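> Just to be clear, the model below is a prediction. Sequence and coordinates:
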Amino acid sequence: GNMPNLSRMQKQSSSRSTRFLLKLIGVLLFISAVAWGGFFLWTQTLFKNGDDLKVTIDGPDSVKAGETVYYTIDYENIARTSLENLTLTLHLPETFIMTQSSPEPTQAERWNLGTMTPTSDGKIMIGGTFRSEVGSSQTLQALVTYRPGNTHADFQTLESKKVMIESSVLETTLSGPTTALTGDEVTYTITLQNTSDTVISNV
């Protein structure tokens with residue numbers, strides 16, 4: 001028989017319906033990509049640090065267990081728009097006993113701060129004592145939730161501060177003989193001293 005000529009091949013034209021479907025799929029993929037991109041930009045809500053709100057926690061990095069210490073939570077609107085529905089929540093260690101705050105919280109360890117205009121700021125002062133083990137590390141956290149005036153999404157800023165418990169206001173000493181014979185009567189004295197200027201309860 002005759003061998004076919006394979007040096008040239010003619011492209012077979014696709015049908016109109018195939019071309020229409022391919023174009024339709026391409027348009028739908030483009031619209032989907034734009035929609036998802038807008039969705040993620042519109043609904044990002046967690047831990048947007050430093051863009052709209054600046055939060056700091058000022059206070060000692062190392063303390064004595066039992067002494068009264070003070071911490072100040074400063075917050076500042078550094079955005080060009082107002083921040084609405086501002087709420088600050090403190091997450092304190094179980095061993096930290098808060099004895100005072102200014103202003104008073106709206107409810108336990110939570111402050112409803114309302115609206116902040118651009119370049120405005122504020123602060124919350126708390127005082128209390130750590131009843132923690134000497135040598136341990138404790139963490140204070142301030143979580144602020146807010147809504148920029150030009151969006152419909154909520155954002156959050158989280159600030160943490162680590163505190164070392166280096167010593168205690170209670171000092172103890174034990175005195176008495178270092179050697180003894182079997183049957184000897186010995187006396188040991190335990191001295192407990194409060195080195196702070198406040199009353200220590202539940203010792």
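That came through, no problem.
> Run a quick neighbour tally on the spatially closest residue to I200 that is not a sequence neighbour.
Closest residue to I200 apart from its sequence neighbours, by C-beta to C-beta, 6 or more residues apart in numbering: N194 at 5.2 Å. The way it works is simple: take the backbone N, C-alpha and C, and place the C-beta from them, glycine included. The tally of other residues near N194 (other C-beta atoms under 10 Å) stands at 14.
> how far away is N194 from R110?
33 Å (C-beta to C-beta, to the nearest Å).
> L24 too?
L24 is 52 Å from R110, by C-beta to C-beta.
> Let me see the mean pLDDT of the helix or strand containing T89.
Using DSSP states H and E, T89 sits in strand 83-91. On average, the pLDDT along strand 83-91 is 95.
> helix/strand/coil for the spatially most central residue of the chain?
Geometric centre of the chain, nearest residue: L158, 3.2 Å, by C-alpha atoms, centre = their mean. Assigned by DSSP: H, G, I helix; E, B strand; the rest coil, the conformation of L158 is strand.
> In this structure it contacts A142, no?
Yes - if you go by C-beta atoms under 8 Å, L158 and A142 touch, sitting 7.4 Å apart.
> what about the strands in the chain?
Remark: strands assigned in the chain by DSSP state E are 53-58, 62-65, 68-77, 83-91, 96-102, 110-116, 121-130, 137-148, 155-168, 170-175, 189-194.
> Check the offset of the second one from the chain's centre.
The one in question is strand 62-65. Its chain's average C-alpha position is 22 Å from that of strand 62-65, according to C-alpha atoms, centre = their mean, to the nearest Å.
> Not counting that strand itself, show me its contacts.
With C-beta atoms under 8 Å, 6 or more residues apart in numbering as the test, strand 62-65 has contacts from 69, 129-134, 163-170, 196.
> Weed out the non-buried ones from those.
T129, F130, R131, S132, V163, I165, S167, S168, V169, L170 (16 or more other C-beta atoms under 10 Å).
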